[in-house]
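In: next one to model:
(chains A and B)
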There are 2 protein chains.
Amino acid sequence: MNDRFLRACRREEVDCTPVWLMRQAGRYMEEYMAIRRRYSFLEMCKIPEVACEVTLQPVEKLGVDAAILFADILLPVEGMGLKLEFAKDEGPVIHNPVRTEKDVENLRIIDPEEDTGYVMAAIALIRRELAGKVPLIGFSGAPFTLASYMIEGGGPRDYKNCKKMMWQAPDLWHRLMKKIAKVVLLYLKAQIKAGAQAVQMFDSWVGALSPEDYREYVLPYSRYVLEGLKEEGVPVIHFANNASSMLELVAEAGGDVIGVDWRIDLDKAWERIGYDRAIQGNLDPMALFAPPKVIREKVKRILERAGNRPGHIFNLGHGIHKETPVENVIALVEAVHELSRR
Amino acid sequence: MNDRFLRACRREEVDCTPVWLMRQAGRYMEEYMAIRRRYSFLEMCKIPEVACEVTLQPVEKLGVDAAILFADILLPVEGMGLKLEFAKDEGPVIHNPVRTEKDVENLRIIDPEEDTGYVMAAIALIRRELAGKVPLIGFSGAPFTLASYMIEGGGPRDYKNCKKMMWQAPDLWHRLMKKIAKVVLLYLKAQIKAGAQAVQMFDSWVGALSPEDYREYVLPYSRYVLEGLKEEGVPVIHFANNASSMLELVAEAGGDVIGVDWRIDLDKAWERIGYDRAIQGNLDPMALFAPPKVIREKVKRILERAGNRPGHIFNLGHGIHKETPVENVIALVEAVHELSRR
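Out: Numbering: from 1, shown residues only, chains lettered A, B, ... in the order given. All right, here's what the predicted structure looks like:
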């Protein structure tokens, strides 16, 4: 079994640096598109056989060191009582956004086995199909990221309603975040029980906040989830996008591995996070549009910044772009392995 | 004359902290909308009397310590040969984006007095109308920000074409940046000659870059402009949006005042920039949707972080949101003055 990824999460020695890519199962891949044309996005998430097939595609094709569950971060909000739709090319829409006290009260704490049973079924199936080839990563959105979708009613643009609630009705905000954090913890625990060998919590939108607001309105809930996962004994990756100016706070919230975007040099990021954590990152996803020679140089520089310290997992600083040339992705994975060979 | 702003730029003692707001002349203000309904956005920029009136509105209404020229950062690209349009509610569109060698060759170095004479006329008029009440700030987009608009053909979303040129055709990229930097320098010098008492260079989109790419592909051109302005003897503000993880590089490029967004604590930012520069910032623009009491607290904390060190100019971390309640903006300006009274 290829356990490079899990070993790096635990900061153990590895034969070469493990690599996987956020959104590695996606539209840039022909095989994915062939399936996508037959199913809606939500169907793909909800039919375990389809989610399984799509999860495995990049493992075969790219030679990455981990599979990541194919799912959408908004799946658990349906069970909470929200009406989720993926409008064509417009991303997610929530038809009944959370704005009032009543809206917050009405939110249900999900039973992950029941409400998102299809996710757990997909995980079990993927594990069987992988047969130990590489580990499987489960994931969830972080409380703030889910809150911002739930309040804005879709992909947040200016966070107006979200921040309004935070500052105008802080009690309501805290009640909402408490509920969401509970859901996230239950959801991730269920994924681990179903077979996920590591999990990642994505705080995709937290870069919209000042460090002070993060500390007051977000950190306690991220910490609740990350603390709660400790007893599960699997590595937990905490990725906070566009938060490189408050990495100390992100690390304070928790996570065995801290994911960083490309806006910061990896060595500086690691120094600020602390060497008692592993680090994941941090190539600009758009670098995959560069010629392979340039990609290789960029990989080399990131590996140099990681140094010989154990605990680096190579990844992009954000999800892979849908038009990425797949041959460049293959070249990237090869370059990481080759240039980091111990 | 209220010279708090200019004094703070030079890190001299002030009676209280000066404040102005990025995009302070804008749609959140009734008086602005009354004019906006009569003219297109480009007409407003190009009729000096209208640009003047709109520039003065927030000075009267808000009590800010500086006026900033009403203009669009893309105005100089018309003279370079690009066809600029402001499509309804869609932001700027450039109908002939710069992609090829020929496109770059064809770009003209503008004569600012000729190609953007209306800007210089507006500046002269505003200075007369202000009659020394508060200083007038001129501005330009930074080379990278202009390049990204010019290459993408409008507001950049994923910077795909822009980064492709950077990495696939670096010689072409450098030739383009050289031309743009020349234009920016000429344009800002002309504004100063026309009467601008300080200028701000906006690098609105530079947060899309890794520090390494910034250093190689952008910094030399920002520095060219900022060095070139030194002999003019007016304070220069360098605002690099979403760049708080590479503030050292932004400061290295130059500027008497470094503008920072709200993603970093002001004291940490200043420490990294160096106390030999003044600092501008850094309230989250969305905080203006909070109740006045919360706004006041946030102002207080930013002022505390600035400490008693001379050289802090209060501002938002980004442009003001179009739906901002104007009474909250007035409350903000009052709070800054009152809470910082020496």
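In: what residues does chain A put near chain B?
Out: Contact residues, chain A versus chain B (CB under 8 Å from any CB of the partner chain): A:158-160, A:163-164, A:167-168, A:207, A:209-213, A:242-246, A:262-265, A:268, A:284, A:286-287, A:289-291, A:294, A:298, A:301, A:317, A:321, A:323. Just so you know, the C-beta spots here come from the backbone N, C-alpha and C atoms, and that holds for glycine as well.
In: now which of these would you call buried?
Out: Neighbour-count burial (16 or more other CB atoms under 10 Å in any protein chain shown) is assigned, among the residues of chain A next to chain B, to A:159-160, A:163-164, A:167, A:207, A:209-213, A:242-246, A:262-265, A:268, A:284, A:286-287, A:289-290, A:294, A:298, A:317, A:321.
In: narrow the residues you listed to those in strands?
Out: With strands taken from DSSP state E, there is no overlap with these.
In: and the helix or strand harbouring A:Asn328, which residues are buried?
Out: Remark: A:Asn328 resides in helix A:326-340, with elements defined by DSSP states H and E. By 16+ other CB under 10 Å, the buried positions in helix A:326-340 come out as A:Val326, A:Asn328, A:Val329, A:Ala331, A:Leu332, A:Val333, A:Glu334, A:Ala335, A:Val336, A:His337, A:Leu339, A:Ser340.
In: also stretch A:307-322?
Out: For stretch A:307-322, the neighbour count (16+ other CB under 10 Å) marks A:Pro310, A:Gly311, A:His312, A:Ile313, A:Phe314, A:Asn315, A:Leu316, A:Gly317, A:His318, A:Ile320, A:His321 as buried.
In: check contacts around the second one.
Out: The reference is to A:Gly311. A:Gly311 makes contact with A:Ala8, A:Cys9, A:Arg10, A:Arg11, A:Val257, A:Tyr275, A:Arg277, A:Ala278, A:Ile279 under the criterion CB atoms under 8 Å, 6 or more residues apart in numbering or on different chains.
In: could you do the fifth one as well?
Out: The contact partners of A:Phe314, by CB under 8 Å, 6+ apart, come to A:Thr17, A:Pro18, A:Val19, A:Gln280, A:Gly281, A:Leu283, A:Val299, A:Ile302, A:Leu303, A:Val336, A:Ser340.
In: okay, the strand or helix carrying it in PDB with CA atoms only?
Out: Element membership for A:Phe314, per DSSP H and E: strand A:312-316. Only the C-alpha atoms of strand A:312-316 are listed here, as PDB (Å, rounded to 0.1, in the frame of the first residue of the first chain):
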ATOM      1  CA  HIS A 312       5.000  18.200   3.600                       C
ATOM      2  CA  ILE A 313       2.100  17.100   1.400                       C
ATOM      3  CA  PHE A 314       2.200  18.700  -2.000                       C
ATOM      4  CA  ASN A 315      -1.000  20.200  -3.300                       C
ATOM      5  CA  LEU A 316      -2.300  23.200  -5.200                       C
END
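In: how about the strands in chain A?
Out: Using DSSP E, the strands of chain A run over A:67-68, A:84-87, A:91-94, A:136-141, A:198-203, A:236-240, A:257-259, A:278-283, A:312-316.
In: sorry, back to before: and of the buried residues of helix A:326-340, the nearest to chain B?
Out: Set against chain B, the nearest of the buried residues of helix A:326-340 by CB to the nearest CB is A:Asn328 (11.1 Å).
In: go ahead and flag the most central residue of chain A.
Out: A:Phe202 (3.9 Å; CA atoms, centre = their mean).
In: so it sits against A:Asn241, correct?
Out: Yes - the pair A:Phe202 / A:Asn241 is scored as a contact, 7.5 Å apart, by CB atoms under 8 Å.
In: restricted to helices, list the buried ones among the residues of chain A next to chain B.
Out: Judged by DSSP state H, the subset of those located in helices is A:Lys160, A:Lys163, A:Lys164, A:Trp167, A:Pro211, A:Glu212, A:Asp213, A:Lys268, A:Val294, A:Lys298.
In: so what's the fifth one closest to, chain neighbours aside?
Out: Sequence neighbours aside, A:Met246 is the residue nearest to A:Pro211 in space, at 4.3 Å (criterion: CB to CB, 6 or more residues apart in numbering or on different chains).
In: what pairs with the worst-scoring helix or strand of chain A on mean pLDDT, and is each one parallel or antiparallel?
Out: Least confident helix or strand of chain A, by mean pLDDT, DSSP states H and E, is strand A:84-87 with a mean of 90. Within its sheet, strand A:84-87 is paired with strand A:91-94 (antiparallel), according to DSSP bridges.
In: what comes up buried for the partner strand?
Out: Buried, per 16+ other CB under 10 Å, within strand A:91-94: A:Pro92, A:Val93, A:Ile94.
In: what comes into contact with that strand?
Out: Residues from elsewhere that reach strand A:91-94 (CB under 8 Å, 6+ apart): A:72, A:74, A:77, A:82-87, A:149-150, A:153-155.
In: any chance of TSV for these, columns neighbour count?
Out: Shown next, in TSV, are these (neighbours: other CB atoms under 10 Å in any protein chain shown):
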residue	neighbour count
A:Asp72	17
A:Leu74	22
A:Val77	24
A:Leu82	21
A:Lys83	12
A:Leu84	20
A:Glu85	13
A:Phe86	15
A:Ala87	9
A:Tyr149	27
A:Met150	29
A:Gly153	18
A:Gly154	19
A:Gly155	14
